[in-house]
Structures are given as structure tokens and as C-alpha cells.
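**Q** Kindly return the folded structure for what I paste below:
(chains A, B, C and D)
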Protein chains: 4
Amino acid sequence: MERPHVPEASQFRFRVRLRTRWCDEDNQQVLNNAVYLTLFEEARLAYFTQLGFLRANQFPFLLAQTNVVFVALGRGGVEVDLEARTTSLGTTSFTQSYRVLDAARGTVWAQAEARLVIYDPGSGAKRAMEPAFRAAIAGFEGLD
Amino acid sequence: MERPHVPEASQFRFRVRLRTRWCDEDNQQVLNNAVYLTLFEEARLAYFTQLGFLRANQFPFLLAQTNVVFVALGRGGVEVDLEARTTSLGTTSFTQSYRVLDAARGTVWAQAEARLVIYDPGSGAKRAMEPAFRAAIAGFEGLD
Amino acid sequence: MERPHVPEASQFRFRVRLRTRWCDEDNQQVLNNAVYLTLFEEARLAYFTQLGFLRANQFPFLLAQTNVVFVALGRGGVEVDLEARTTSLGTTSFTQSYRVLDAARGTVWAQAEARLVIYDPGSGAKRAMEPAFRAAIAGFEGLD
Amino acid sequence: MERPHVPEASQFRFRVRLRTRWCDEDNQQVLNNAVYLTLFEEARLAYFTQLGFLRANQFPFLLAQTNVVFVALGRGGVEVDLEARTTSLGTTSFTQSYRVLDAARGTVWAQAEARLVIYDPGSGAKRAMEPAFRAAIAGFEGLD
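**A** Numbers count the residues shown, from 1 in each chain, chains lettered A, B, ... in the order given. A predicted model of the protein is given here:
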């Protein structure tokens, strides 16, 4: 299975400090795997809130694919740092990469790649990316 | 991003009927992406319960990587069919593929590939797959 | 703290078989307390689906209060029976009681009382209960 | 249904700033009811971490009863303030009260009362409260 493409640590321009919850640990006493997708979603929330693209607390896109590699055992009830970077912008979709780090130790717990598809919340159909959306991301990330 | 390798529908030998929960829908009124990892985990639970490898409600492995593609919008509060197949058996790890289908319509919502690593719950270290575990899976799946 | 008012077992007219999920157990290896509210919500989903009052997968009410007593340790990944009964119908609200039982053993894990308030999803304001809603519940439960 | 006993706002001595998650909103676009129990649990985590009574990320007690009143519609993806106060100490149990407030507006979303029972994680049986536990809480809260 191909590993997710994740930029060098120095290339991430967006980082947000979050917390895992106590109940995020499952009965094997590690952070449950599904919680990582929630953490990446929280990173998207902070990223697109900063860029100004949430409307009525909704994203203008849906997750189409994600490839996640789990590197170290995570814990519940602790601080984590989430990093996100948009790595490419297409016509109706874009790709992002994420890392989640133990805030106290700086170690990486997991990293991932994702493809997000722009959609119309009314019809559920995919649609073209708006120019303002593209420009804001390209400007923030230094993409062409 | 490479798509997950998923066998032909006819090759899945394991299927279990489950339900999504009403609260699995997020505010965009679709099944939240993290819930799919929970559904695949429930498929593993049913699969390894049938093969007899749960101990004190714990799995003898951890998720090391997963690549998920979201094909159609899922719903909360409905019946779903989960399919699982072990596709390869290594020394300390194995790979599985999954599909989740809307039980009422037979349509695929998502499919995924995963790599699971055998580990020792006491130390957290990975360890070799036990012969009985390998034999049971190989027998069930018709693998060498 | 006053205990919830819950009818005698023989008075429950609605029961639905559900499953807990493996990840519903927390790191103390019991069903996490918040999951019980989700199970009671799933009981409401089945109850009001049967009576025909879900619209676009939404309830015409919101939870206003709930009082839950935890009687025995619950488990993840097992079958449970959920019982629900509407115990009173007011002008803008109604009360229900619930029990969750281990399906394999018949033992009660938790029981609860709840007050639900009819509301308008557009404005979020509470509103009067519709006559058809009242009549359907009163008929099903044998209430005046 | 009796409302939960909650102290005057001025009597709470413990407050912690937390965040709700985006996916905590359900398809009615409000904070799902079960999430409130998770928030109260996070308040307990912060409270007992401060007092020094978590062991291996586990609580020395289980929730035995909780009575929650939902006062205003909550939102996902925002900051909240959680307040907790221990209101009485028994031989094998104690009671706490909680409030969750919208951090930006200072409005109360929900308040609750809970009874927690000291237990032995090995056997699952309830046991007497340790003197050091009682003394630490009594000292912090100014209880006899």
C-alpha cells in the first residue's frame, strides 16, 4: 500500500493546538483510529476558518479520499498539534496533507493525505472551485 | 493519490449487517467521514470474533495504515452491509480490504484497504503472527 | 438526587434490538457513559420511525432534560435491547422513559427519564405539539 | 422530573476552557445531547488531574447517575467553559455539579448533577473512598 505523500515538516505553514478527549481512548488504551480523522477534520476547520470559507458552520467540500499512516500510539486527554498544508489545487478538488503530533513531546503520531471535492450542499453534486477560494489558498500556501 | 486495492465484489467471503447511528450524520447531513473507520473496525470485530481471535474484547493487532475512498454520501440511522477480506499475510502484519454498502439499495458508500500490525498489548511492541492466527485466516480466505 | 421515574418492565410497549460498538468502551473497559444517551436516542429513532414522525431524518423535538441511572457495567460490541415508553404528553413537551438491557443476559445496564420539547427547526423556537403527533403516541401507549 | 441541583455561579471554584468539535453537531445542526456527557467528563478529567487522582489515565470512580438540563442550543467547533464543583462526599460515593457555557457569550448551554461511585478497577466492586482523596477534595472545595 502506497504511503501518503506528506511534505517535509518545514513546509507546513498552518498549525493549531488541540486536545484529545479522555474517551477517545478505546479499551486497548490508545487513541482510537477513527479519532485521527476527526483531528484532521478539526485541522481543516481551523484552517478554513482562518481563510474565511466556512458558511453557517459548514465546509464547501466533502472528503473524497484519505490515506493515513499511524506512526506511534496516541493518548486521550492530552494536547496535540495539528499541521495542515494544501498541496495541490484542481478544478473541482484539492489535496491536503496533515500531521498530528504529541504537543508535549513533539513526536508524530500519524500523518495523512486527503483529497477534498468541492460540492453544492443543496444538490450534493460536485462543482467548480470558486476563484476566491483558489486564490486564498494559493496565496496562503505559496502555490501557483 | 493511489486508490486503495479492493478485490472484486465476488471475492469477499465475509459480510455482516450493521446499522449506522442517527448521530453519525454531521451538520452537512451526511455520514461523517470518521464513522467509516468505525464501521471498518466493526467489520474486523465481527470477522475476528467469528475466527475466534478476540481476547477480553481486545484485538491482537493495531491499525498501521488505511486508505479509504468515499464513493457516495452515506446516511445515519440505516442498515449497512460491511464486507471484509484479508488479502495478504506477512510475518508481523497483514492487509485487509473493506466495502460498506447501503443495505437497502446495494450501493457502495466507501471502500478501503488497511494494514494491521500484530502487537503485544503489554509492551506495545510488534511481534510475529502466531501460526494458529495465520492458519485460520488462510483457511477462511483460501490464501496460501 | 431523585432517581428517574421508570415504568414497570411490563409497561414498556416498544423494544428494539441494537448493538453497541467496540469503540464505545473507554480505557476503563466499560461502555462509556455518553454512549447511553446515544442508545436512548437510537431508541427514539426507532420509536418515531415506527410512528412515522421523522422528516428528512430529523426529529420534530429536542432533548430538554434527562436523568440517567447506571445500574451495571456495559460492554462494547454486543447486542442490547432498548425499551422506550412515552409517559406523559404536555402542550409543548412530553416525557419518555428508557431501559437498556444486555440482550444475552436480560440484565438492565441503565434506565432513564427524559423530557423532550417540540420545536420549529427553522427558528429553533418551541411550539405546540401537533394533534396527529399526540394522537399517534396516545394511541400507541394507551394514554388519555 | 426534578431539576438537577446546581450551585450558584459564584460557588464554582473550578473552571476549564475546552473546545467542542465540528462533528459534535448532529444533522439538526446543534451540539448532540450525548456530547454534553463527554464535556462533563472532560471537566472531571481536568479537575482530578489538577488534584492528582488519575492513575494510568484512569479515574478511581464510575458514573452512577446524572441529571442534565439543556438550557440553550450548543454549537460545534467553538470554545466552551466547563465548571465543576464537588457538592458532597459520602463513604463510597460523592456528588458533583457542572455547567457548560459558551465561552464567547458567557451563556449557559447546560447544567447537570452527577453521583460518582468509588470502585476497584480490578474487581469492578465499589469500595470506600480513600482519606487522601476525601481530604484533597474537601480542602479544594471548602467542604467539611
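**Q** Give me the pLDDT value at A:Val35.
**A** A:Val35 carries a pLDDT value of 98.
**Q** Could you tell me how far the host helix or strand of it lies from the centre of the chain?
**A** Element membership of A:Val35, judged by DSSP states H and E, is helix A:33-51. In terms of C-alpha atoms, centre = their mean, to the nearest Å, the centre of helix A:33-51 is set 5 Å apart from its chain centre.
**Q** and it, is it in reach of chain D?
**A** Yes - using C-beta under 8 Å from any C-beta of the partner chain, we find that helix A:33-51 touches chain D at A:Thr38, A:Glu41, A:Glu42, A:Leu45, A:Thr49. For the C-beta atoms, the positions are set from N, CA and C on the backbone; glycine is no exception.
**Q** Now that helix: buried residues?
**A** A:33-48, A:51 (16 or more other C-beta atoms under 10 Å in any protein chain shown).
**Q** Equivalent analysis for stretch A:49-68, please.
**A** A:51, A:53-54, A:57-68.
**Q** All the strands of chain A, residue numbers only.
**A** A:14-19, A:61-70, A:79-89, A:93-102, A:108-118 (DSSP state E).
**Q** mind giving me JSON lines with these and columns for distance to D:Thr92 and mean pLDDT?
**A** Output for the strands of chain A, formatted as JSON lines (distance: least, C-beta to C-beta, whole Å; pLDDT from 0 to 100):
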{"stretch": "strand A:14-19", "distance to D:Thr92": "31", "mean pLDDT": "98"}
{"stretch": "strand A:61-70", "distance to D:Thr92": "40", "mean pLDDT": "98"}
{"stretch": "strand A:79-89", "distance to D:Thr92": "34", "mean pLDDT": "98"}
{"stretch": "strand A:93-102", "distance to D:Thr92": "36", "mean pLDDT": "98"}
{"stretch": "strand A:108-118", "distance to D:Thr92": "38", "mean pLDDT": "98"}
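**Q** Out of the ones you listed, flag the one nearest chain B.
**A** Smallest distance to chain B across the strands of chain A (C-beta to the nearest C-beta): 4.2 Å, for strand A:61-70.
**Q** other SSEs contacting the closest one?
**A** helix A:33-51, strand A:93-102, strand A:108-118, strand B:61-70 (3 or more C-beta pairs under 8 Å, 6 or more residues apart in numbering or on different chains; DSSP states H and E).
**Q** thought A:Val30 was touching A:Arg75?
**A** Yes - using C-beta atoms under 8 Å, A:Val30 makes contact with A:Arg75 at a distance of 7.3 Å.
**Q** Can you tell me which residue sits nearest the middle of chain A?
**A** Closest residue to the average C-alpha location of chain A: A:Phe40 at 3.7 Å, with C-alpha atoms, centre = their mean.
**Q** Identify the residues contacting the residue of chain A positioned farthest from its centre.
**A** Outermost residue of chain A with respect to the C-alpha centroid, by C-alpha atoms, centre = their mean, is A:Asn27; its distance is 25.9 Å. Contact partners of A:Asn27, counting by C-beta atoms under 8 Å, 6 or more residues apart in numbering or on different chains, are B:Asn57, B:Gln58, C:Trp22, C:Glu25, C:Asp26, C:Asn27, C:Gln29, C:Gly76.
**Q** picking up where we left off before, report whether the helix holding A:Val35 contacts chain C.
**A** Yes - for helix A:33-51, a contact with chain C is found by C-beta under 8 Å from any C-beta, at A:Ala34.
**Q** For chain A, what lies in contact range of chain C?
**A** A:Trp22, A:Cys23, A:Glu25, A:Asp26, A:Asn27, A:Gln29, A:Asn32, A:Ala34, A:Gly76.
**Q** who's in contact with the second one?
**A** Meaning A:Cys23. Counted by C-beta under 8 Å, 6+ apart, A:Cys23 has contacts A:Gly76, C:Asp26, C:Asn32, C:Ala34, D:Thr38, D:Glu41.
**Q** The fourth one contacts D:Leu39, doesn't it?
**A** In this case it means C:Ala34. No - between C:Ala34 and D:Leu39 there is no contact under C-beta under 8 Å: 9.1 Å.
**Q** Please name the residues that touch A:Arg134.
**A** So A:Arg134 contacts A:Leu89 (C-beta under 8 Å, 6+ apart).
**Q** how about 10 Å then?
**A** A:Leu89, A:Gly90, A:Thr91, A:Phe94, A:Ile118, A:Ala128, A:Leu143 (C-beta atoms under 10 Å, 6 or more residues apart in numbering or on different chains).
**Q** quick one: it and A:Leu62, what's the gap?
**A** Distance check for A:Arg134 against A:Leu62: by C-beta to C-beta, to the nearest Å, it reads 17 Å.
**Q** if we can go back for a sec, pLDDT for the contacts of A:Asn27 - can I get that in JSON lines?
**A** Below are the contacts of A:Asn27 laid out as JSON lines (pLDDT from 0 to 100):
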{"residue": "B:Asn57", "pLDDT": "92"}
{"residue": "B:Gln58", "pLDDT": "94"}
{"residue": "C:Trp22", "pLDDT": "98"}
{"residue": "C:Glu25", "pLDDT": "98"}
{"residue": "C:Asp26", "pLDDT": "97"}
{"residue": "C:Asn27", "pLDDT": "96"}
{"residue": "C:Gln29", "pLDDT": "95"}
{"residue": "C:Gly76", "pLDDT": "98"}
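**Q** now, among these, which is nearest to A:Gly122?
**A** Checking these against A:Gly122 with C-beta to C-beta, the nearest one is C:Trp22 at 36.2 Å.
**Q** Wait, the closest one touches C:Gly76, no?
**A** Yes - counting by C-beta atoms under 10 Å, C:Trp22 does reach C:Gly76; the two are 4.9 Å apart.
**Q** Between these two, which is the more surrounded one?
**A** C:Trp22 (25 against 22; other C-beta atoms under 10 Å in any protein chain shown).
**Q** Quick check: closest non-adjacent residue to the more buried one.
**A** C:Gly77 (4.3 Å; C-beta to C-beta, 6 or more residues apart in numbering or on different chains).
**Q** Can you check what pLDDT the model gives the one you found?
**A** 98.
**Q** That one: neighbour count?
**A** 20.
**Q** ok, it - contacts?
**A** Neighbouring residues of C:Gly77 by C-beta under 10 Å, 6+ apart: A:27, B:41-42, B:45-46, B:49, B:54, B:57, C:19-25, C:31.
**Q** Let's see that with 7 Å instead.
**A** If a contact means C-beta atoms under 7 Å, 6 or more residues apart in numbering or on different chains, then C:Gly77 has B:Leu45, B:Asn57, C:Thr20, C:Arg21, C:Trp22 as its contacts.
**Q** Could you point out which of those residues is nearest to C:Glu83?
**A** For these, the nearest to C:Glu83 is C:Thr20 (15.6 Å; C-beta to C-beta).
**Q** My guess is that closest one contacts C:Val80. True?
**A** Yes - between C:Thr20 and C:Val80 a contact is recorded at 5.9 Å, counting by C-beta atoms under 7 Å.
**Q** circling back: out of the contacts of A:Arg134, which one sits closest to D:Gly139?
**A** The closest of those, once distances to D:Gly139 are taken by C-beta to C-beta, is A:Phe94, at 54.4 Å.
**Q** beta partners for the closest one?
**A** Note on A:Phe94: beta-bridge partners by DSSP bridges are A:Leu89, A:Leu116.
**Q** Kindly report the residues of chain A close to chain B.
**A** Residues of chain A found near chain B (C-beta under 7 Å from any C-beta of the partner chain) are A:1-2, A:27-28, A:33-34, A:37-38, A:41, A:57-58, A:63-70, A:73, A:95, A:113, A:115, A:121, A:124.
**Q** ok so, going back, would you mind giving the strands of chain A as TSV with distance to C:Ala104 added?
**A** Listed next are the strands of chain A as TSV, based on distance: least, C-beta to C-beta, whole Å:
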stretch	distance to C:Ala104
strand A:14-19	36
strand A:61-70	33
strand A:79-89	38
strand A:93-102	38
strand A:108-118	36
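**Q** of all those, which lies closest to D:Arg15?
**A** D:Arg15 sits nearest to strand A:14-19 of all those, at 15.6 Å, using C-beta to C-beta.
**Q** who touches the closest one?
**A** A:39, A:42-43, A:46-47, A:78-85, A:103.
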